[in-house]
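> Predicted coordinates and the sequence they were generated for:
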Amino acid sequence: MNSHVVTDKRRTLIFLNILISCIASSMLATALTTALPAIATDLSIGVATGQWLTSGYSLAMGITMPLTAFLITRFPTKRLYLTGMSAFIAGLVICTIAPTFIIMMGGRVLQAIGNGIMTSMAQVILLTIYPIEKKGTIMGWYGLSVSAAPVIAPTLAGVLIDWTGWRSIFYVAIVIMVCSFAFGVFAFDDVLETYKKKFDVLSFVLSAFAFGGITLGIGNISSYGLFSTPVMVSLAAGIVGGILFTCRQFHIDQPFLELRILKYKEFTLSVLGSMLLYLVMMGSSVIMPVFVQSILRYSATISGLVTLPGSLAMAVFSPMAGKMYDKLGMKKLFVTGAACMLFSNLGMVFVTMNVSLVIPAVLNVIRCVSIGCLMMPLVTWGTSHVPSHHTADATALLASLRTIAGAIGAAVFVGIMTMVAANSVSAYGERALIHGLNVTFAAMSAGALCLLMIAVFLVKGKRKNT
């Protein structure tokens, strides 16, 4: 079924259901960043361990997403999407009653699996059922759920934590997702074509080793050191798994994940751009609450309010960015977004203990405008240069790699801040933590600079009209 045979009413119902479910699921990707200090205290764990509730979530999503390319083409749309929602709801329930970190991490993994299925499916569905002239605009509105929701989540989480405790975050999400599930039973339809395809177990195992090994290795650097056995073994397993997985995809008749689509330059650039965006975005989403709460000693509510203006700016700008992409193409959006990202991170390099909260709030607004410029337009631009029958593979590959990049960003930048602060106590005294934060945002600025270089020198000025 395609955009020509899906009625406008059905298309609208499907879009609304996707929007509601993805807002709830995307919020849980970052909501726990604000709750991290409270969770760490209640579960008697350190911040470095607790951050795995966020980066481990991204890791599980990254492992799941390559599988979605197979699932989307093998199982009916409605049944698969509702299954994803069911897994997410089950994970939420576990987290509301989890007495220990391990059990809570299990709930987060279930949430990640469900969100991985829903996120990949949502993009394929919307890019399939809407005509070419509306794709940029509709993906801009969809961007509200997958970009604005994770940014506004810390604000809502901060208020909930101070009023009723951190577990209330999951209760709110359960209510939204149960309502969305009931709506989806009536709203959804089987809008994607399916065909019999053999499940390649070996490819899935290799992809799990590749994505999991690299993310775990980098994530453990802050705890064990770069040349420690846990880090080196994990990285080696990830690299070897990645090489074997890649080789296998080029030598089997039905690839588990079609990697030949990387021969399309624009798609490859969209993947690289999305990875750099998520690397910096997820890093800053974890660091900002730590900055406001642990360094400046403000409450979780204040921490959330610092990010609120940026969330509102993104809510306004994301749909506008979709329309701008349809009219202007990718080049101008890419350059503008990358430049804003670089400026916002450079500004945080110079903050001090005496900084007014207005300054990080304004810099966060600029960062959110950057995210609005880049997140969904990159997906739309990249997939528009891939043959339509490979849309599922393209969205799965792009989503997998950018999610893994986000997990790496959260782990690496927290590690940089922790190590720099620990090694700076003798020289900086009470200012060691703020020095660690400054160095961390300098590292993020380097990532944003790479993003800007791609936009300026590698992206063409005109969009391909396909």
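That came through fine.

> secondary structure element for L28?
helix 8-42 (DSSP states H and E).

> residues of that helix that come out buried?
Neighbour-count burial for helix 8-42, with 16 or more other CB atoms under 10 Å as criterion, is recorded at 10-11, 13-15, 17-40. Using the backbone N, CA and C atoms, a C-beta is placed for each residue, glycine as well.

> With stretch 42-57 instead?
For stretch 42-57, by 16+ other CB under 10 Å, it's 43, 45, 48, 50-57.

> Keep only those of these that are in helices.
48, 50, 52-57 (DSSP state H).

> Put together JSON lines for those, with pLDDT and distance to I174 on each row.
Below are those laid out as JSON lines (pLDDT from 0 to 100; distance: CB to CB, whole Å):
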{"residue": "A48", "pLDDT": "68", "distance to I174": "29"}
{"residue": "G50", "pLDDT": "76", "distance to I174": "22"}
{"residue": "W52", "pLDDT": "77", "distance to I174": "22"}
{"residue": "L53", "pLDDT": "82", "distance to I174": "17"}
{"residue": "T54", "pLDDT": "73", "distance to I174": "19"}
{"residue": "S55", "pLDDT": "70", "distance to I174": "23"}
{"residue": "G56", "pLDDT": "79", "distance to I174": "21"}
{"residue": "Y57", "pLDDT": "79", "distance to I174": "17"}
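
> of these, closest to I125?
Nearest to I125 among those, counting by CB to CB, is Y57 at 22.8 Å.

> which residues sit in contact with the closest one?
Each residue near Y57 by CB atoms under 8 Å, 6 or more residues apart in numbering is listed here: 28-29, 108-109, 111-112, 407.

> Report the residue ranges of every domain in this protein.
The chain resolves into domains spanning 8-197+254-457, 198-253 when parsed by automatic domain parsing.

> Next, S356: phi, psi?
When read as degrees, to the nearest 10, the backbone of S356 gives phi -70, psi 140.

> Count the neighbours of it for me.
By the measure other CB atoms under 10 Å, the count of residues near S356 is 9.

> And the pLDDT for it?
Looking at S356, its pLDDT is 92.

> how far away is it from V362?
Per CB to CB, to the nearest Å, S356 is found 10 Å from V362.

> Also T73?
In this view, T73 and V362 are 45 Å apart by CB to CB.

> neighbour-wise, which of those two wins?
T73 (18 against 15).

> can you tell me the helix or strand for that one?
Per DSSP H and E: helix 52-74 holds T73.

> The next helix-or-strand element following that helix vs helix 52-74, what angle?
As assigned by DSSP H and E, the chain's next helix or strand after helix 52-74 is helix 77-97. Counting by axes from the mean of the first three to the mean of the last three CA atoms, to 10 degrees, helix 77-97 lies at 160 degrees to helix 52-74.

> Could you check how far helix 77-97 is from the centre of its chain?
Counting by CA atoms, centre = their mean, to the nearest Å, helix 77-97 is centred 18 Å from the centre of its parent chain.

> how about it: buried residues?
Buried-residue list, helix 77-97, by 16+ other CB under 10 Å: 77-78, 80-85, 87-89, 91-92, 94-95.

> Give me whichever of the domains of the chain is most buried.
A comparison of the domains of the chain by mean neighbour count, using mean count of other CB atoms under 10 Å, puts domain 8-197+254-457 on top with a mean of 21.

> With distance to I218, secondary structure and pLDDT added, can I get the contacts of Y57 in a markdown table?
Converted to a markdown table, these look like this (distance: CB to CB, whole Å; DSSP: H, G, I helix; E, B strand; the rest coil; pLDDT from 0 to 100):
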| residue | distance to I218 | secondary structure | pLDDT |
| --- | --- | --- | --- |
| L28 | 23 | helix | 75 |
| A29 | 18 | helix | 67 |
| R108 | 19 | helix | 90 |
| V109 | 19 | helix | 91 |
| Q111 | 22 | helix | 92 |
| A112 | 18 | helix | 88 |
| A407 | 8 | helix | 73 |
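
> For L16, list the residues it contacts.
Counting by CB under 8 Å, 6+ apart, L16 has contacts 183, 187.

> now do the one 5 residues further on
With contacts defined as CB under 8 Å, 6+ apart, S21 is in contact with 85, 118, 177, 180-181, 184.

> okay, and for the stretch 51-200 of the chain, where does confidence drop off?
144-152 (pLDDT under 70).

> If we use 80, what do you get?
Scanning the stretch 51-200 of the chain for pLDDT under 80 picks out 51-52, 54-59, 61-62, 65, 69, 132-137, 140-141, 143-158, 195-197.

> Tell me which helix or strand A446 sits in.
Element membership for A446, per DSSP H and E: helix 432-457.

> Which other helices and strands does that helix contact?
Helices and strands touching helix 432-457, by 3 or more CB pairs under 8 Å, 6 or more residues apart in numbering; DSSP states H and E, are helix 265-290, helix 330-349, helix 391-423, helix 425-428.

> at 7 Å what do you get?
Secondary-structure packing of helix 432-457 (3 or more CB pairs under 7 Å, 6 or more residues apart in numbering; DSSP states H and E): helix 265-290, helix 330-349, helix 391-423.

> Residues contacting the second one, please?
Applying CB atoms under 7 Å, 6 or more residues apart in numbering, the external contacts of helix 330-349 come out as 273, 280, 321, 324-325, 360, 363, 366-367, 369-370, 373-374, 377, 381, 438, 441-442, 444-445, 448-449, 451-452, 455-456, 459-461, 463.

> Now do it against helix 265-290, angle only.
Using the same axes, to 10 degrees: helix 330-349 against helix 265-290 is 20 degrees.

> hey, C-alpha coordinates of helix 330-349 in PDB?
What follows is helix 330-349, C-alpha atoms only, in PDB (Å, rounded to 0.1, in the frame of the first residue of the first chain):
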ATOM      1  CA  MET A 330      19.500  20.900   2.700                       C
ATOM      2  CA  LYS A 331      22.600  23.100   2.200                       C
ATOM      3  CA  LYS A 332      21.400  26.200   4.000                       C
ATOM      4  CA  LEU A 333      19.700  24.300   6.800                       C
ATOM      5  CA  PHE A 334      22.800  22.200   7.300                       C
ATOM      6  CA  VAL A 335      25.200  25.100   7.500                       C
ATOM      7  CA  THR A 336      22.900  27.200   9.700                       C
ATOM      8  CA  GLY A 337      22.300  24.300  12.100                       C
ATOM      9  CA  ALA A 338      26.000  23.300  12.400                       C
ATOM     10  CA  ALA A 339      27.000  26.900  13.000                       C
ATOM     11  CA  CYS A 340      24.500  27.300  15.800                       C
ATOM     12  CA  MET A 341      25.600  24.000  17.300                       C
ATOM     13  CA  LEU A 342      29.300  25.200  17.300                       C
ATOM     14  CA  PHE A 343      28.400  28.600  18.700                       C
ATOM     15  CA  SER A 344      26.300  27.200  21.600                       C
ATOM     16  CA  ASN A 345      29.000  24.700  22.700                       C
ATOM     17  CA  LEU A 346      31.800  27.300  22.500                       C
ATOM     18  CA  GLY A 347      29.700  29.600  24.700                       C
ATOM     19  CA  MET A 348      29.700  26.900  27.400                       C
ATOM     20  CA  VAL A 349      33.500  26.700  27.300                       C
END
